[in-house]
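> Test case, fold it:
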Amino acid sequence: MDKNSLIYIAGHRGMVGSALWRELERRGYTNLIGRTRAEMDLCHRPAVDAFYAQHRPEYVFFAAAKVGGIHANDTYPAEFLYDNLQIQTALIDGAYRSGVKKLLFLGSSCIYPKHAPQPIPEDALLTGPLEPTNEWYAVAKIAGIKLCQAYRKQYGCDFISAMPTNLYGPNDNYHPQNSHVLPAMIRRFHEAKVGNAPTVTCWGTGQALREFLHADDLARACVFLMETYSAPGIVNIGCGSDLSIYDLAHLVAKVVGYQGEILWDTSKPDGTPRKLMDSARLFGLGWKPDIALPEGIGAAYQDFLERAATPSSAAA
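Numbers count the residues shown, from 1 in each chain. I've put the predicted structure just below:
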């Protein structure tokens, strides 16, 4: 890419897409393009084709998806599978047909088997059953990876795929039911603090282990890969360490300033027991993350206060 290349960021208003936009601007890329959902429905193939025909982007960062946590995946399995397949087919095939020079497709760590070896290497893909609580989203993402590889094999397209670990950061989704674990905790502990609640109840046993990466670090990794990597193999993007959900809850509570008791509802699922990415391939290429988890959670909490907290609770 050069600084004047026309770059399309699919999903530029979301957490990942907006981080990519900020990072590209920071690096001096001046010709960025995005479309909101109201401007272009990515599930509607004719609209996507018309966009590609009109603008002819040279590079595409594919950060658009229907996403959500365990509850959302379990409640809306058909939408998570169908909508993501529609989006991926339209954007990937459309990129090929319009002559896009390079596309980076973002998958998810949930593509790997529930009992994959830890840390999870890229070659663990399709070696075992998926975690049932998010298999619909995972199957769609696996299809996207394979579509990129198929277009590379058959047509010579420079389409690459990267698998981020669990993400958080500015513009995250803090919905009380449909968000991922870390932003959900931020909301829950904040509301408990301002409401003087004596306890907060979290799902599961707290023993599951998870890895977290700030969206700004992910954006740096994606631009790095777009500039330096061109191969069919997928690339994990993680920070290289994990912690228990129990420890995460106590860390979020500390950052937010909640001092009550944390309880655990063991009737709720833990999800995958452990999910730590093996990011040796990426680290070996010369990239490492910059943002430590306590620092990142502090910034995410400020984002929540500015965007998602009610006026009364933000001021409390």
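
> alpha carbons only for contacts and neighbour counts from here, please
OK.

> residues contacting the residue nearest in space to the middle of the chain?
What sits nearest the mean C-alpha location of the chain, by C-alpha atoms, centre = their mean, is residue 167, with 5.3 Å. For residue 167, the contact set (C-alpha atoms under 8 Å, 6 or more residues apart in numbering) comprises 212, 213, 214, 215.

> Per-residue confidence, it, what does it come out as?
Note on residue 167: pLDDT of 92.

> and it, backbone torsions?
Torsion angles at residue 167 (phi, psi; degrees, to the nearest 10) stand at phi -110, psi 160.

> dump the residue contacts of the closest residue to it other than its chain neighbours.
Excluding the flanking residues, the one nearest residue 167 by C-alpha to C-alpha, 6 or more residues apart in numbering is residue 213, at 5.0 Å. Residues in contact with residue 213, defined by C-alpha under 8 Å, 6+ apart, are 165, 166, 167, 168, 238, 239, 291, 293.

> Quick check: phi and psi at the last one.
Per-residue torsions, residue 293: phi -60, psi -50 (degrees, to the nearest 10).

> That one: neighbour count?
A count of nearby residues for residue 293, using other C-alpha atoms under 10 Å, gives 18.

> same deal with the fifth one?
Residue 238 has 29 neighbours, counted by other C-alpha under 10 Å.

> in terms of contact, does it touch residue 279 like I think?
Yes. With contact defined as C-alpha atoms under 8 Å, residue 238 reaches residue 279; the gap is 5.8 Å.

> where along the stretch 151-300 of the chain do the strands fall?
Counting by DSSP state E, counting those that start in this stretch, the stretch 151-300 of the chain has strands at residues 159-164, 166-168, 199-203, 209-210, 212-214, 235-237, 243-244, 261-265, 274-275.

> Specify the stretch among these that is closest to residue 76.
Nearest of the strands of the stretch 151-300 of the chain to residue 76, taken as C-alpha to C-alpha: strand 199-203 at 19.3 Å.

> Give the rounded mean pLDDT of that closest one.
95.

> Pipe the strands of the stretch 151-300 of the chain into a markdown table and attach distance to residue 1 per row.
Listed next are the strands of the stretch 151-300 of the chain as a markdown table, based on distance: least, C-alpha to C-alpha, whole Å:
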| stretch | distance to residue 1 |
| --- | --- |
| strand 159-164 | 14 |
| strand 166-168 | 26 |
| strand 199-203 | 44 |
| strand 209-210 | 34 |
| strand 212-214 | 24 |
| strand 235-237 | 19 |
| strand 243-244 | 36 |
| strand 261-265 | 48 |
| strand 274-275 | 33 |
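
> one step back: want to throw the contacts of residue 167 into a markdown table with pLDDT?
Shown next, in a markdown table, are the contacts of residue 167 (pLDDT from 0 to 100):
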| residue | pLDDT |
| --- | --- |
| 212 | 97 |
| 213 | 97 |
| 214 | 98 |
| 215 | 97 |
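
> can you pick the most crowded of those residues?
Busiest of the contacts of residue 167 [other C-alpha under 10 Å] is residue 214, holding 28 neighbours.

> is it true that that one touches residue 295?
No. Counting by C-alpha under 8 Å, residue 214 sits too far from residue 295 to count as a contact (9.7 Å).
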